[in-house]
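Engineer: sequence isn't available, so here's the structure alone:
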């Protein structure tokens, strides 16, 4: 005949059960990442002009972010380019953006509003300066732009910054010696075809879709930016030190280059946020950028050049705490 447990036995059983529950709870807390919060909320990503690489990259990244951070609502916002992007993020009008290193250095040097809040996340890919002219043009170097109608990018773009500096390095006053046309890559190709422009500057990843499509329907060529000109550009000092000599590969624009590599100027692009952004959000965003490189790169070639080994080098900006946490997590 079974006997009911004594009062002391019941008390011991309850105490043992409670202790076991605590132990199991602690074990589960230790083994499972219950303390990690999934990023949530709404973020704005300031991109670039329609048909530019910033915009195309942002559109593909938006899909990757939606998959990796399903509780985050993502809004893309077109812009004129690097300079406007920096102003938006610094002012809190956007959470993330892309800008060239020279534009960042200029923004910091000028002490513009919110400059001290800017933080780097990822060194992405390089922009290449592209000076495009009709194939039969008499323009063979930057100095030949004197007296011409030149597309120089929009006011808030990184293109405008480097175009002005290159012309000054060639002895041209952008305000007096050329007819400078403020336009983006979404309209400059058509203006060249319609003979409203004699040439236009563009700075973007290779290949830029708008330039590629132009070269396939209209005979154009790319003007080489020779080493001597680049040395004069770099001698301007300050943020000009972020420019470096580079070669556009012969196959970047097959129709325009006709098998010839073209010397030019390159400058790094940085993914940027501010110290206001939550570290968990920034860490997750950085992880998606790195992990989606190959997938996005199949459609936006420049994305293939994102390299984990150099991604942390976001000079002239300090790396955001959340991005730094990601790099620590993948360090061998």
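Structural biologist: All right, it came through fine. This one's a predicted model, so the numbers in the text were calculated from it and none came from an experiment.
Engineer: going forward, measure contacts between C-alpha atoms and count neighbours the same way
Structural biologist: Will do.
Engineer: for the stretch 1-150 of the chain, which segments count as strands?
Structural biologist: 41-46, 72-77, 96-100, 118-134, 149-151 (DSSP state E, counting those that start in this stretch).
Engineer: same thing with the stretch 151-300 of the chain?
Structural biologist: Per DSSP E, counting those that start in this stretch, the stretch 151-300 of the chain carries strands over the ranges 179-181, 199-204, 220-222, 244-248, 262-274.
Engineer: now do the buried residues in the fourth one.
Structural biologist: For strand 244-248, burial by neighbour count (16 or more other C-alpha atoms under 10 Å) applies to 244, 245, 246, 248.
Engineer: how near is residue 93 to residue 276?
Structural biologist: The gap separating residue 93 from residue 276 is 12 Å, by C-alpha to C-alpha, to the nearest Å.
Engineer: could you do residue 57 as well?
Structural biologist: Separation of residue 57 from residue 276 (C-alpha to C-alpha): 24 Å.
Engineer: so those two - more neighbours on which side?
Structural biologist: Neighbours were counted for residue 57 and for residue 276 using other C-alpha atoms under 10 Å; residue 57 has more, 20 against 13.
Engineer: show me what contacts that one?
Structural biologist: 296, 300, 303 (C-alpha atoms under 8 Å, 6 or more residues apart in numbering).
Engineer: give me the low-pLDDT residue ranges for the stretch 201-332 of the chain?
Structural biologist: Within the stretch 201-332 of the chain, the stretches with pLDDT under 70 are 332.
Engineer: coming back round to it: looking at the contacts of residue 57, which are in helices?
Structural biologist: residue 296 (DSSP state H).
Engineer: highest neighbour count among the contacts of residue 57?
Structural biologist: Busiest of the contacts of residue 57 [other C-alpha under 10 Å] is residue 303, holding 24 neighbours.
Engineer: follow-up on the earlier one: closest to residue 214 out of the buried residues of strand 244-248?
Structural biologist: Using C-alpha to C-alpha, residue 248 is the member of these that sits closest to residue 214, with 17.0 Å.
Engineer: apart from its chain neighbours, what residue comes closest to that closest one?
Structural biologist: residue 262 (5.0 Å; C-alpha to C-alpha, 6 or more residues apart in numbering).
Engineer: residues contacting the one you found?
Structural biologist: Taking C-alpha under 8 Å, 6+ apart, we find residue 262 in contact with 222, 223, 224, 225, 247, 248, 249, 250.
Engineer: gap between the closest residue to the second one other than its chain neighbours and residue 152?
Structural biologist: By the measure of C-alpha to C-alpha, 6+ apart, the closest residue to residue 223 outside its immediate chain neighbours is residue 131, 5.5 Å from it. The gap separating residue 131 from residue 152 is 10 Å, by C-alpha to C-alpha.
Engineer: so residue 215 touches residue 257, yeah?
Structural biologist: No: using C-alpha atoms under 8 Å, residue 215 is not in contact with residue 257; the gap is 9.2 Å.
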